[in-house]
Structures are given as C-alpha cells and as structure tokens.
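> The following comprises the amino acid sequence and a computationally predicted model.
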Amino acid sequence: MLFLLVEQQTDNILNEKFKPLTGIRAVAAIMVFLYHNRKYWREHLSVFAMQNLNEFHVGVSLFFVLSGFLIAYTYQDKPLLSKSAYFQYILIRLCRIFPVYILILTICYIDFGFPLESNKIIFNYTLLKGFSDVYNLDALPQSWTLTVELCFYFLAPFIYWQTNKSIAATIFYLLLLTAISFAIGYGWKYYSGNPYRWLYDWKFILNGTFFGRFVEFYVGVLMAVYFKKQQALQKIIHTKYVTATFCLFIFMLIYLISSFETNIFDQGTSHLWGVLIRNLVLPIAIALFLWGLITERTLLSRALSSRLAILLGNASYVFYLVHFGYVNRRIISFHLFPDRNFILLWLVAIATYWLVEKPVYEWARKKIKQFV
C-alpha cells in the first residue's frame, strides 16, 4: 500500500511536470487491486501471468518511493524550524490519513459489531496494529501500510536534514533503527514469548514495517535531494528513454521476484532473495522511472497528466481503502459485476474523495495553520 498515501496537492510546489506523479498513483492502486483479486482468475490466466500478478503488491513499493520523494521535496527540513512547525506538519499528515480511515473502520464496526477484545479496537484506531504480526491484518487488512507511512512521516524531516549532512550516516541510523526493531521483537520473544508477535519475526519486519522497508522511502528522499540540484538535473533531463527503460526494468524485476515462487499460490517475497530484490533494488528502478516521468515528455507522462488520471490519482487513497476488505465485501453482497466491481469501486472512491476526504482535509488544514 498503500497502501499507501502521498501528498496529493502541495500548493504551488508541484508544477506541471509533477502532474504524472498524481496519475501514477492510480496505476499503483490498480496494481494492488489486481494483486488482491488474482485468485479469481487462476483458472483463466497462464502460469506466466499468474506468477507476475502474484508480485503486483509492488504497487505499494511505488507508493512508498513516491511518498518519500514528495514529502521530502515539499517539506524538506522545514518542520524542524520549531516545535510548533513540527507539530503542525504532523497534524496535517495525520489529517491526510485518519478521517477516511476512521470513518470506514467505524462503519465496519457498527455493521459487524465492535470486537470484544478492547485491545483490537485501540490498536486499530491508533494503527498501532501495524507493529504486530497478529493484529496487522485485522479489520481493514490493507491499512498496515498506513502504519508504515506514519513512521516515515514522523521521521522524514530528520531524515532529510541528516541526509544533507551525510548520506552514509543517515543510512547507518536507519539500519540502527532496523537492528533495534529486531532486538525488541526477538528479545521479547525470548523473555516472554511475545504472543502478539510485536516486531517479530524477520519476515514480518522486512515485509510489513517501516524498519524493513525504509529503503523505499529513502530512495525517494534521495531523489528529492538530487532533483533540487540543478546541475545534476540538467545532466539527466537530456538523457533519452529514461521512462521507457526503467518501466521495462521494473517489470523485469517483478518477473525476477516471481522466479522465486515455488508454485502459482506462492509469492517471491515469501523468500529472502525476493524480499531483498523488492526492498533494495526495485526502489532504485522506481525512482528513476519517476524521474523520467517528470523530466521527459512522453505519451505515458501525457496520459498520466490527463484529467481522468489526475482524478483517479486523487481518489486512489480511498480506492485503496475500499477495494479490498469491508467495503468491497459489502458491495459484493449486493451485486458482483464481471470486473470484480472495479469500475463501481472507483466511483465509490471518487464520490468519497469529493464529499469527504478533500473537504475534511482542506478544512482541517486551514484550522491547523490558524491555531498551531
């Protein structure tokens, strides 16, 4: 995911060249939709197609890299200018994530009943569930990515500030955070069993937490740092076929990850080498692909800058929350179209974006800037 959130509108900062970055969010959301619905098409698709669809969860990786770039490019280290600036930055980020999420979660609980276990309610509403391998897929399963995003939001200004001082030191500190997360999870397991598997085991950390997936965000941050350096930018602007080359490279890496699958019910990221390729190599290809989108004028960049693509990109967060889990199950209980309700889910997402997400966020943002 996308689970994943990125800045949809950044005032006057995102110029015409950045429009494809909104459109590409819709593509990432569609990839995740295909990934979650692939099981319904196993009998109708070739083994090759299914193997690749098994790895379309990398749409979440695309979101993470994009989030790293846009947050770093937009805010840099400005939130660190004062305590109030940082507090305002965090509140604005929270207002991007929580309103629609809490709305859908509450409707889900009202419909099916609140859990008897109060811990589940607390962990879901606060998104602390994303640190537990037992709770992370509870209620709205895809919302585990929101916990990963929140970790990045809290750390992003410090990461950007430290990167300008030393990239090597920044990587060291991030690796240290990862080591600490492993120590907490495995230490907890050793001393008291860690029954809810907080930060345990290695597969969960590397697949489902910021501490295992920080590279995806950090590659986006580095992209923002170098994009601001005009000399480096000029060297790459005149390079041809960046978009096409790295788009192809992304699909080659998806195929490479799928090669670790043992059958069409498996995933390459269930194996260490598949995880390492997705977490360490794929983000670089994604960043260079995104660089191409905003520095080259191609058919793809024009398509992703169209009104329809921008609309879908803006509604992609809601689509991500409704395409799988509670809302989708509820819609299916009334009717299931042959496209697995793909178009209907987009209509629901667009309506929710216009009626709830956008107005609530804009209202909250004004209030925060007024009082903080």
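Nice, thanks for sending it over.
> For the rest of this, base every contact and every neighbour count on C-alpha atoms.
Will do.
> Mind checking the pLDDT average for the top helix by length along the chain?
Identified as the longest helix of the chain according to DSSP state H is helix 83-112. Averaged across helix 83-112, the pLDDT comes to 96.
> Can you report how many residues lie near Leu45?
When counting by other CA atoms under 10 Å, one arrives at 12 neighbours for Leu45.
> Quickly note the distance from it to Gln51.
Remark: distance between Leu45 and Gln51 (CA to CA, to the nearest Å) = 10 Å.
> and what of Phe227?
Using CA to CA, we find Phe227 at a distance of 35 Å from Gln51.
> The two: who's more crowded?
The residue with more neighbours, out of Phe227 and Gln51, is Gln51; 27 against 17, by other CA under 10 Å.
> in which helix or strand would I find that one?
Gln51 is part of helix 47-53, with elements assigned from DSSP states H and E.
> contacting residues around stretch 353-369?
In this structure, residues lying in contact with stretch 353-369 by CA atoms under 8 Å, 6 or more residues apart in numbering are 88, 91-92, 95-96, 99-100, 314-315, 318.
> repeat that for 7 Å
For stretch 353-369, the surrounding residues in contact (CA atoms under 7 Å, 6 or more residues apart in numbering) are 88, 92, 95-96, 100, 315, 318.
> Tell me where the stretch 151-300 of the chain has helices.
Ranges of helices in the stretch 151-300 of the chain, per DSSP state H, counting those that start in this stretch, are 167-192, 202-208, 210-227, 230-237, 242-258, 272-276, 282-295, 299-304.
> now those as CSV including mean pLDDT and distance to Thr126?
CSV is the format used below for those (pLDDT from 0 to 100; distance: least, CA to CA, whole Å):
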stretch, mean pLDDT, distance to Thr126
helix 167-192, 97, 19
helix 202-208, 97, 17
helix 210-227, 96, 16
helix 230-237, 54, 40
helix 242-258, 96, 33
helix 272-276, 97, 27
helix 282-295, 95, 28
helix 299-304, 94, 34
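> what about those, which gets the closest to Val27?
Val27 lies closest, by CA to CA, to one member of these: helix 299-304, at 9.0 Å.
> what's that closest one packed up against?
Helices and strands in packing contact with helix 299-304 are listed as helix 19-37; criterion 3 or more CA pairs under 7 Å, 6 or more residues apart in numbering; DSSP states H and E.
> how much does the helix it packs on deviate in direction from helix 282-295?
Counting by axes from the mean of the first three to the mean of the last three CA atoms, to 10 degrees, helix 19-37 lies at 140 degrees to helix 282-295.
> Pull the residues that contact helix 19-37.
The set of residues external to helix 19-37 that reach it, using CA under 7 Å, 6+ apart, is 8, 53-54, 56-57, 59-60, 62-63, 293-294, 301, 304-305, 309-310, 312-314, 316, 320, 323.
> try stretch 118-130
Contacts of stretch 118-130 from elsewhere in the structure, counted by CA under 7 Å, 6+ apart, are 102, 115, 135-136, 144, 147.
> which of the residues in that stretch are buried?
120-121, 123-124, 127-130 (16 or more other CA atoms under 10 Å).
> and which of these is nearest Asn341?
The shortest gap between Asn341 and any of these belongs to Asn124, at 26.4 Å (CA to CA).
> and the gap between the closest one and Phe217?
As defined by CA to CA, Asn124 lies at a distance of 24 Å from Phe217.
> again, but for Lys17
Going from Lys17 to Phe217 by CA to CA gives 21 Å.
> and if you look at Pro79?
When CA to CA is the yardstick, Pro79 and Phe217 sit 18 Å from each other.
> Packing partners of the helix holding Gln51?
If contacts are counted by 3+ CA pairs under 7 Å, 6+ apart, helix 47-53 sits against helix 242-258.
> what is the orientation angle of the helix it packs on with helix 282-295?
Relative orientation of helix 242-258 and helix 282-295, computed by the same axes, to 10 degrees: 160 degrees.
> could I get the helices of the stretch 151-300 of the chain as JSON lines with distance to Thr106?
What follows is the helices of the stretch 151-300 of the chain, written out as JSON lines (distance: least, CA to CA, whole Å):
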{"stretch": "helix 167-192", "distance to Thr106": "30"}
{"stretch": "helix 202-208", "distance to Thr106": "24"}
{"stretch": "helix 210-227", "distance to Thr106": "26"}
{"stretch": "helix 230-237", "distance to Thr106": "46"}
{"stretch": "helix 242-258", "distance to Thr106": "36"}
{"stretch": "helix 272-276", "distance to Thr106": "34"}
{"stretch": "helix 282-295", "distance to Thr106": "34"}
{"stretch": "helix 299-304", "distance to Thr106": "34"}
